[in-house]
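Asks: Sharing a model prediction with you, sequence too.
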There are 2 protein chains.
Amino acid sequence: MSDPVRKLDRDACWEFLRRHEFGRLAFHLAGEVHITPINYAVDGQTLLFRTSEGNKLLGVVMNDDVAFEIDEYSDDHATSVILRGTARVLEGQEAYRADNVPLRPWVSTEKHTVVEITPTEMSGRSFDLDKPWTHMR
Amino acid sequence: MSDPVRKLDRDACWEFLRRHEFGRLAFHLAGEVHITPINYAVDGQTLLFRTSEGNKLLGVVMNDDVAFEIDEYSDDHATSVILRGTARVLEGQEAYRADNVPLRPWVSTEKHTVVEITPTEMSGRSFDLDKPWTHMR
């Protein structure tokens, strides 16, 4: 049987990241692990997202170690890209970088702070799904 | 303007969890935060997932503090449920609990270990999306 899991190379991971805008950020907060959905945009070799004051921001300020995941799936195929990296709040003029990328918040609440994630590790996997029950519906 | 974000109560969160089978697990590993997609099933007031030896398993054995997220979105609406809790490997007879729930692996690789997540905190949010660019396509 052929391996149902295939690895994506680094270029394919970046291409997948550029094609999406919604992912999940995992971060430390007071010794706990937290996870939250975010809208993001790729800027060069980094990701940017906007946030308001709150746990997400406090977490990455206190401990910059983060992980991030995006995925896409249909009945017979799934792709997932995972990265680990460091997060930092963009201050002053740097925050304007967010204006030059398609960083479009999905929800119209106030989010004034721009955070940059710089990946240190990245991996992508593509799976053939074995979901016989979907054919039995 | 009405608040674009609504909270789900605990029953609605569990109902949303039962209706899905794919989420993302965040866990500690050697002081780092990691994230991975998983297939899961609800069993009572817990979640079960299968795993093989590897980072996921090592992580939850070394530190049982985990977070988990599922979501669903369309052009004008998104729902997300987030929980934090503890993970433990089910040993011996307990592992058979996985046989009584619809825990269907999407990928046909060997996964012999069953892990239980017991939520300690759970929250769900439903958003009206403000994505004007989707109407401009």
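Replies: Thanks, I have the structure now.

Asks: low-scoring stretches of chain A, by residue?
Replies: Applying pLDDT under 70 to chain A flags residues A:1-2, A:106, A:108, A:131-137.

Asks: before we move on, which element is the residue of chain A found nearest chain B in?
Replies: The nearest approach of chain A to chain B comes at residue A:26, 3.5 Å away (Cβ to the nearest Cβ). C-beta: built from backbone N, CA, C; applies to glycine. Assigned by DSSP states H and E, residue A:26 belongs to strand A:22-29.

Asks: After that strand, which helix or strand is next? Please name it.
Replies: strand A:32-39.

Asks: Which residues does that next one contact?
Replies: If you take Cβ atoms under 8 Å, 6 or more residues apart in numbering or on different chains as the criterion, strand A:32-39 is touched by A:21-28, A:49-51, A:55-56, A:59, A:103-106, B:24, B:26-28, B:33, B:35, B:65-69, B:71, B:78, B:80, B:82, B:84.

Asks: re the thing from before, compute the inter-axis angle for the strand holding residue A:26 and strand B:22-29.
Replies: Relative orientation of strand A:22-29 and strand B:22-29, computed by axes from the mean of the first three to the mean of the last three Cα atoms, to 10 degrees: 30 degrees.

Asks: Now do the buried residues in strand A:22-29.
Replies: A:23-29 (16 or more other Cβ atoms under 10 Å in any protein chain shown).

Asks: Could you list every helix and strand in contact with it?
Replies: Here strand A:22-29 touches strand A:32-39, helix A:55-62, strand A:65-73, strand B:22-29, strand B:32-39, strand B:65-73, going by 3 or more Cβ pairs under 8 Å, 6 or more residues apart in numbering or on different chains; DSSP states H and E.

Asks: right, is stretch A:117-131 up against chain B?
Replies: Yes: remark: stretch A:117-131 sits within contact range of chain B at A:127-131, by Cβ under 8 Å from any Cβ of the partner chain.

Asks: got those residues as a markdown table, with neighbour count, secondary structure and distance to residue B:44 columns?
Replies: Formatted as a markdown table, these follow (neighbours: other Cβ atoms under 10 Å in any protein chain shown; DSSP: H, G, I helix; E, B strand; the rest coil; distance: Cβ to Cβ, whole Å):
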| residue | neighbour count | secondary structure | distance to residue B:44 |
| --- | --- | --- | --- |
| A:127 | 21 | strand | 29 |
| A:128 | 15 | strand | 32 |
| A:129 | 18 | coil | 27 |
| A:130 | 13 | coil | 27 |
| A:131 | 17 | coil | 24 |
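
Asks: Spell out which parts of chain A neighbour chain B.
Replies: With the criterion set to Cβ under 8 Å from any Cβ, chain A comes near chain B through A:1, A:4-5, A:22, A:24, A:26-28, A:31-37, A:65-69, A:71, A:73, A:78, A:80, A:82, A:84, A:104-109, A:127-131, A:133.

Asks: hmm, try it at 6 Å
Replies: For chain A, the residues in contact with chain B (Cβ under 6 Å from any Cβ of the partner chain) are A:4, A:24, A:26, A:28, A:32-35, A:37, A:65, A:67, A:69, A:71, A:80, A:106-108, A:127, A:129-131.

Asks: Without its sequence neighbours, what residue ends up closest to residue A:10?
Replies: residue A:122 (6.4 Å; Cβ to Cβ, 6 or more residues apart in numbering or on different chains).

Asks: Wait, the one you found touches residue A:83, no?
Replies: Yes: using Cβ atoms under 6 Å, residue A:122 is in contact with residue A:83, at 4.3 Å.

Asks: can you count the residues close to residue A:49?
Replies: Residue A:49 has 23 neighbours, counted by other Cβ atoms under 10 Å in any protein chain shown.

Asks: and it, backbone torsions?
Replies: phi -140, psi 160 (degrees, to the nearest 10).

Asks: beta partners for it?
Replies: residue A:115 (DSSP bridges).

Asks: Equivalent analysis for residue A:85, please.
Replies: residue A:66, residue A:119.

Asks: quick one: contacts for it?
Replies: If you count contacts by Cβ atoms under 6 Å, 6 or more residues apart in numbering or on different chains, residue A:85 has them with A:117-120.
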